[in-house]
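Student: coordinates only, no sequence provided:
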């Protein structure tokens, strides 16, 4: 466990000198960047701020003790990150009078602890170990680069003393390159940004149904076959080949690079489930003996590893090569979502269970995990797995990563096992961060930055005496809908800053100061954005809410629009002329009343006038008010929307994207302006139906098709009709009792384009007014691709 802190101390004035002394190289009339506050993320354990400041000029020397390799690496990192952040050039050296010095102090307790002392004459980073030097360097780097710039020649750092150590030892991020392969360069970029906020564990998920990414020299088919898949079918047959893998040399280099930054790479080989790519490569290691294709679907699939002697030997051989590449204490062996149907139906596995005296398949998994735990222990390593390894009895050697809420962590910690908190949905960063229409695809269980920030990884159900078993906390980014490095960065950042704060900073009594955190995080966001690195602005982006109902807005001479951001920080500024707002544009104070046809453009700005978000637009033109998009459509009465999915499974663009309920091909427009509409145009997209639902397959709603490929049935008043209908009516009709507005036979998916539009005149039904709910139900066979509405345009009668 990491060293526990005594609590966060408030700033207090020191009795230090007020003089400011320029150190380093002098320049005439220097361009000076001033540090106006302590913008530190994560917040340190103890801060004492004094009076005065240290001035550090470009070219200043960073000195390390002779022969101290740890201090030298930390100094190199400080020099590199300071230059990258705002152009401040420092030089590593050994000058005794250098303004920035590293000193080894064996009295500092804790491998990750450090002390940073800043006086008017210099800054000293003291630590007893390598990690402490690194984190002290990153704290000083943040103080040196609090203001943006491109070629800063002098900065000021306030006089202070920081004594710091982490709350938790495990401060992690999980990256999944299995569903969609990520180039190795993109992982280096993540590592570079992790160290700046003192995250120290990169959990690397290297095998799954969709791809085996770790080169195993003894088993070359794992990457020759298992690393590649075809894109799923959208009607025209399988798509392009997709995949890749990391060579052992690439991974050795990554591990070394991360270690230089205090980051441990923890590999995961997922067993016994999520093994379809493994079985595709070596079918003799599966249960039925059949060879599946490497999966191109997302979810849970039946393919399991065979725990016979040949299978156990295979895993031990793989682990030998894993341990050769990854020196981490922990090796993750998955254990999640392994539906046991293949084991239940296998005479061989059932015979093995009887010989071992094992009564259930879950207990069989526990036996398997225990054997691997013992093998790892023989090599000085420890096994960690997802919380399903609790089922059937937890092996004494295992640690648990709790993802299905917190109960797994509670049960494991109270039983004396070490745990890492990584609960879904809160810390699943592939969840959307907001409901903004330009969000990239992902899970729709929205987890805002504030939600992540307020999560505390010390569940109440853990006995106080067992709290020592909570190793830490981790955010996960599963890659079903993360295709590109840009999307991976967008999902992780800046929410990993909130995780870093929770994992490092002392627990605060009472409410956490979210607004204060945002003020401190803003300079770090600027640093992350250097070199084109993507950081989501969802927390600061402006959302628009019309005050009037849709029909009323169409008839109004003035349209009222409210503006808001998720984050309680910054100022919203706007324009009404279509131009992007700036720091001097009008500040938003109350709902705007604008003429129809006005385009409201808004963004949020920090107190220093720098932009916090990209501009967003809200168009009040009549044609816009008469249009509904995939982002504004909701779920039909029989379900909820769980995913925001792209047009194609491997699409590299962020749009178009469709909010869908994968259990029913139906979307609803809850505010259709039917009193104004005389015709309708519905743009439709055909998407992959590539979800592995395992035992939830029966929950998928099928509809009786009356044409060869099904229909799109558009009905009004479907929510009320659904409540009135009995079970037999629901089985017979897509929307029983609703008013049918139009029905379109769907074209043959093998020959029709992937996107197409239906148009029709609407029947004259005066009883259907504005704000009527309209459902768009597809009745295509479940064996066909999935359909979704991309856009609905309601047409008025020509005047």
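Tutor: Okay, I see it. Just so you know, these numbers come straight off a predicted model, no measurement behind them. Residues are numbered from 1 along each chain as shown.
Student: for this protein, which spans come out with low pLDDT?
Tutor: Applying pLDDT under 70 to the chain flags residues 1-37, 148-150, 729-732, 798-799.
Student: in it, which residue is closest to the centre?
Tutor: residue 429 (2.4 Å; Cα atoms, centre = their mean).
Student: okay but it is in contact with residue 481, surely?
Tutor: No - here residue 429 lies out of contact with residue 481, judged by Cβ atoms under 8 Å, at a distance of 11.7 Å. C-beta coordinates here come from the backbone N, C-alpha and C atoms, glycine included.
Student: beta partners of the closest residue to residue 336 other than its chain neighbours?
Tutor: Once flanking residues are discounted, residue 336 sits nearest to residue 386: 3.7 Å by Cβ to Cβ, 6 or more residues apart in numbering. Taking DSSP bridges as the rule, residue 386 bridges to residue 401.
Student: wait, residue 386 sits on residue 333?
Tutor: No - counting by Cβ under 8 Å, residue 386 stays clear of residue 333, with 9.1 Å between them.
Student: what comes up buried for the host helix or strand of residue 362?
Tutor: Using DSSP states H and E, residue 362 sits in helix 361-378. In terms of neighbour count (16 or more other Cβ atoms under 10 Å), helix 361-378 has its buried residues at 361-373, 375-376.
Student: what's the closest of the residues you listed to residue 323?
Tutor: residue 376 (7.8 Å; Cβ to Cβ).
Student: could you give the number of residues near residue 794?
Tutor: Using other Cβ atoms under 10 Å, residue 794 has 23 other residues around it.
Student: check residue 307 too.
Tutor: What residue 307 shows, counting by other Cβ under 10 Å, is a neighbour count of 23.
Student: against residue 611, how distant is it?
Tutor: In this view, residue 307 and residue 611 are 56 Å apart by Cβ to Cβ, to the nearest Å.
Student: what does residue 443 give?
Tutor: For residue 443 relative to residue 611 (Cβ to Cβ), the value is 28 Å.
Student: hang on, the earlier thing: which of the buried residues of helix 361-378 sits closest to residue 70?
Tutor: residue 376 (28.1 Å).
Student: test my guess that the closest one contacts residue 382.
Tutor: Yes - between residue 376 and residue 382 there is a contact at 6.3 Å, judged by Cβ under 8 Å.
Student: who touches both of the two?
Tutor: Taking Cβ atoms under 8 Å, 6 or more residues apart in numbering as the criterion, residue 376 and residue 382 both touch 331, 397.
Student: mind listing the strands for the stretch 301-450 of the chain?
Tutor: Along the stretch 301-450 of the chain, the segments classed as strands by DSSP state E, counting those that start in this stretch run 330-334, 382-386, 398-402, 419-421, 442-443.
Student: contacting residues for residue 770?
Tutor: Counted by Cβ under 8 Å, 6+ apart, residue 770 has contacts 549-552, 554, 671-676.
Student: possible to save those residues as a markdown table with neighbour count, secondary structure and distance to residue 281?
Tutor: Output for the contacts of residue 770, formatted as a markdown table (neighbours: other Cβ atoms under 10 Å; DSSP: H, G, I helix; E, B strand; the rest coil; distance: Cβ to Cβ, whole Å):
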| residue | neighbour count | secondary structure | distance to residue 281 |
| --- | --- | --- | --- |
| 549 | 14 | coil | 58 |
| 550 | 20 | helix | 54 |
| 551 | 20 | helix | 59 |
| 552 | 15 | helix | 61 |
| 554 | 20 | helix | 59 |
| 671 | 18 | strand | 51 |
| 672 | 27 | strand | 51 |
| 673 | 24 | strand | 55 |
| 674 | 26 | coil | 56 |
| 675 | 16 | coil | 60 |
| 676 | 19 | coil | 59 |
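Student: list the buried residues of stretch 302-320.
Tutor: Buried-residue list, stretch 302-320, by 16+ other Cβ under 10 Å: 302-308, 311-312, 314-315, 318-319.
Student: again, but for stretch 668-687
Tutor: 668-677, 680, 682-687.
Student: checking residue 192 next. Helix, strand or coil?
Tutor: At residue 192, secondary structure determined by DSSP: H, G, I helix; E, B strand; the rest coil is helix.
Student: which residue, other than its chain neighbours, is closest to it?
Tutor: Excluding the flanking residues, the one nearest residue 192 by Cβ to Cβ, 6+ apart is residue 261, at 7.4 Å.
Student: and the one you found, how far from residue 664?
Tutor: Counting by Cβ to Cβ, the gap from residue 261 to residue 664 is 47 Å.
Student: could you do residue 494 as well?
Tutor: Taking Cβ to Cβ, one finds residue 494 at 35 Å from residue 664.
Student: next one: residue 231
Tutor: Separation of residue 231 from residue 664 (Cβ to Cβ) stands at 24 Å.
Student: can you give me the helices in the stretch 101-250 of the chain?
Tutor: 130-144, 184-196, 221-224, 248-260 (DSSP state H, counting those that start in this stretch).
Student: out of these, which one sits most buried?
Tutor: helix 130-144 (a mean of 25; mean count of other Cβ atoms under 10 Å).
Student: that one packs against which elements?
Tutor: helix 69-86, strand 100-104, strand 114-119, strand 122-127, strand 154-164, helix 184-196, helix 514-528 (3 or more Cβ pairs under 8 Å, 6 or more residues apart in numbering; DSSP states H and E).
Student: quick check: which element contains the spatially closest residue to residue 338 that is not a sequence neighbour?
Tutor: Here the nearest residue to residue 338 in space, its sequence neighbours aside, is residue 273; by Cβ to Cβ, 6+ apart that works out to 2.9 Å. Taking DSSP H and E as the criterion, no element holds residue 273; it sits outside all helices and strands.
Student: how about stretch 74-88: buried residues?
Tutor: So for stretch 74-88, counting by 16+ other Cβ under 10 Å, buried means 74-75, 77-79, 81-88.
Student: I'd like the residues you listed laid out as JSON lines, including distance to residue 766.
Tutor: Formatted as JSON lines, the buried residues of stretch 74-88 follow (distance: Cβ to Cβ, whole Å):
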{"residue": "74", "distance to residue 766": "75"}
{"residue": "75", "distance to residue 766": "78"}
{"residue": "77", "distance to residue 766": "72"}
{"residue": "78", "distance to residue 766": "73"}
{"residue": "79", "distance to residue 766": "74"}
{"residue": "81", "distance to residue 766": "67"}
{"residue": "82", "distance to residue 766": "70"}
{"residue": "83", "distance to residue 766": "70"}
{"residue": "84", "distance to residue 766": "65"}
{"residue": "85", "distance to residue 766": "64"}
{"residue": "86", "distance to residue 766": "65"}
{"residue": "87", "distance to residue 766": "67"}
{"residue": "88", "distance to residue 766": "70"}
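Student: so which pair among those residues is furthest apart in space?
Tutor: Farthest pair in these, by Cβ to Cβ: 74 and 87, 20.7 Å.
Student: was I right about residue 775 contacting residue 670?
Tutor: No - between residue 775 and residue 670 there is no contact under Cβ under 8 Å: 9.6 Å.
Student: re earlier: can you lay out the contacts of residue 770 as JSON lines showing distance to residue 141?
Tutor: Shown next, in JSON lines, are the contacts of residue 770 (distance: Cβ to Cβ, whole Å):
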{"residue": "549", "distance to residue 141": "52"}
{"residue": "550", "distance to residue 141": "51"}
{"residue": "551", "distance to residue 141": "56"}
{"residue": "552", "distance to residue 141": "54"}
{"residue": "554", "distance to residue 141": "54"}
{"residue": "671", "distance to residue 141": "50"}
{"residue": "672", "distance to residue 141": "54"}
{"residue": "673", "distance to residue 141": "55"}
{"residue": "674", "distance to residue 141": "59"}
{"residue": "675", "distance to residue 141": "60"}
{"residue": "676", "distance to residue 141": "58"}
